[in-house]
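Undergrad: Predicted model follows, preceded by the sequence.
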Amino acid sequence: MKSRVAAGFSHVPVISRTTHASGLVRSAPLARPVTDNCSGVPLAKRSKWELAAATKRFSNAATVTADECQLQHLDIDTSPYQATLLVQCCDRKGVVAALAQLLSGLSCNILQSDQYTERDSNTFFQRVHFDYSDLTVGTGNLQVLENCIAELAGKYGMEWQICYGLKRKQLAVLVSKYDHCLFDLLVRHKAGDLNCDIPVVISNHADLEEVATTFGVDFRFVPAGKGKKEEHEMQIEEILKDANADLIVLARYMQILSPEFCASHWRHTINIHHSFLPAFEGAKPYHRAQERGVKIIGATAHYATSDLDCGPIIEQDVTRITHRDSVKDMIRKGRDLERLVLARAVRWHLDDRILVHENRTVVFED
């Protein structure tokens, strides 16, 4: 029996065929035309039996009703079998088609796709969010999916990573004494705005223990004595390992991390600070900014590399300042920006929307 295959992938069927008891072979088309021949009964008013029957018809019929198409859409929205693929490579013809053909050949359904080509470096970036409920080899055989992607990546020289919705990310927060960013993250998490778990808050001060425990989050106090940085970071490393942390958020953590720590974690460590740098560095930046008469203040979220406060920038925002604003006003406005900017950066990272290229980022915003 012949079958059409994706170029370079003899093991990836593009058209599925079913052999019936009669010995006839029936080919299932890649796409089904949708006809608007609704039953006239609103979807919300149908009985469970009608919904089940409609779903069965959808899986078997060559043409489907608009309501039945909506049923499939509802199933996809609630499907746990979703993944996000991030790729970057030298831009060339056929990359998008090859990825789409690969996923289609494995019976994956692309839900969202974003792409960008940076002309100066001729670098191609793409984010593909897809459903793999009907994966040809079964949802338990993800290694086959990854092997196919790796083979394609080798052909196009791609850097790639894939994240699965079934694996919920674990976020660890590092703080010192400022509580505004910690509060904001915990409130957003409790409201369901951050797709992750927050198993632990780590601090070099005990001041914010009550904040963490109020939200049911484990608080770990790790003192940072003078000359004990190595010991301090070793303890943090152990806590992060126990928490299976996928993302570290420095929510106004006022300690400089060692180059060794940054080298191990910078791709999943987000820092937040004011956007005056390199101006007004050090203590009391808002006091000196007010003395200088600045008209704009801002906040920056970035990945924390060993190059202090100079890692790839994820998000920034600004607000206007006038002569009427006191230092207290500026600090309040600055903290509002830090909350918002950090929340955006964290959400984009959790949703796998960021690709790092050299010391910059490509962010496919939601």
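TA: Noted; the coordinates are in hand.

Undergrad: Could you use CA atoms for every contact and neighbour count after this?
TA: Fine.

Undergrad: right, and the helix or strand after the helix or strand containing residue 236?
TA: Following DSSP states H and E, one finds residue 236 within helix 229-242. The helix or strand immediately downstream of helix 229-242 is strand 247-250, counting by DSSP H and E.

Undergrad: Tell me, how many residues neighbour the residue nearest to residue 182 when sequence neighbours are not counted?
TA: Using C-alpha to C-alpha, 6 or more residues apart in numbering and skipping residues adjacent in sequence, the residue nearest residue 182 is residue 251, 6.0 Å away. For residue 251, the count of nearby residues is 27 (other C-alpha atoms under 10 Å).

Undergrad: now swap in residue 112 and tell me
TA: Residues near residue 112, counting by other C-alpha under 10 Å, number 11.

Undergrad: Break down the stretch 101-250 of the chain into its helices, ranges please.
TA: Counting by DSSP state H, counting those that start in this stretch, the segments of the stretch 101-250 of the chain that form helices are 142-156, 180-190, 209-214, 229-242.

Undergrad: what's in contact with the helix holding residue 236?
TA: 172, 202, 222, 223, 224, 225, 258, 261 (C-alpha atoms under 8 Å, 6 or more residues apart in numbering).

Undergrad: One more pass at 10 Å, please.
TA: Helix 229-242 has contacts (C-alpha atoms under 10 Å, 6 or more residues apart in numbering) with 170-174, 199-204, 220-226, 243-248, 255-258, 260-261.

Undergrad: need the longest helix for the protein.
TA: Secondary structure of the chain per DSSP state H: the longest helix is helix 327-350.

Undergrad: Please save the CA atoms from the helix or strand just after that one in PDB.
TA: Following helix 327-350 in sequence order, the next helix or strand is strand 354-357 (DSSP H and E). The C-alpha atoms that make up strand 354-357 are tabulated as PDB, following Å, rounded to 0.1, in the frame of the first residue of the first chain:
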ATOM      1  CA  ILE A 354      10.200  34.400  24.300                       C
ATOM      2  CA  LEU A 355      13.200  33.500  22.200                       C
ATOM      3  CA  VAL A 356      16.700  34.800  23.100                       C
ATOM      4  CA  HIS A 357      19.000  35.800  20.200                       C
END
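
Undergrad: quick thing: my sequence starts at 844, can you match it?
TA: Sure thing, new numbering starts at 844, so read that last one as strand 1197-1200.

Undergrad: The longest helix of the chain versus helix 1023-1033: what angle between them?
TA: Inter-element angle recorded for helix 1170-1193 and helix 1023-1033: 40 degrees (by axes from the mean of the first three to the mean of the last three C-alpha atoms, to 10 degrees).

Undergrad: Residue 959 versus residue 969, what's the distance?
TA: As judged by C-alpha to C-alpha, to the nearest Å, residue 969 and residue 959 stand 6 Å apart.

Undergrad: if we can go back for a sec, just the buried ones from the contacts of helix 1072-1085?
TA: When those are checked for burial by 16 or more other C-alpha atoms under 10 Å, the buried set is 1013-1017, 1042-1047, 1063-1067, 1088-1091, 1100, 1104.

Undergrad: Now residue 1022. Nearest residue, chain neighbours left out?
TA: residue 1051 is the one closest to residue 1022 (C-alpha to C-alpha, 6+ apart), at 7.0 Å.

Undergrad: wait, doesn't that neighbour sit right on residue 1016?
TA: No: the criterion here is C-alpha atoms under 10 Å, and residue 1051 misses it with residue 1016 at 11.6 Å.

Undergrad: for the stretch 844-993 of the chain, which spans come out with low pLDDT?
TA: 844-920 (pLDDT under 70).

Undergrad: Kindly report the same for the stretch 1094-1209 of the chain.
TA: For the stretch 1094-1209 of the chain, applying pLDDT under 70 flags the ranges 1119-1121, 1124-1125.

Undergrad: What segments of it are helices?
TA: All helices of the stretch 1094-1209 of the chain, identified by DSSP H, counting those that start in this stretch, fall at 1102-1108, 1128-1135, 1170-1193.

Undergrad: Would you reformat those as JSON lines and include distance to residue 1207?
TA: Shown next, in JSON lines, are the helices of the stretch 1094-1209 of the chain (distance: least, C-alpha to C-alpha, whole Å):
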{"stretch": "helix 1102-1108", "distance to residue 1207": "22"}
{"stretch": "helix 1128-1135", "distance to residue 1207": "32"}
{"stretch": "helix 1170-1193", "distance to residue 1207": "8"}
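
Undergrad: ranking those helices by burial, who's on top?
TA: The highest mean neighbour count among the helices of the stretch 1094-1209 of the chain, using mean count of other C-alpha atoms under 10 Å, belongs to helix 1170-1193: a mean of 20.
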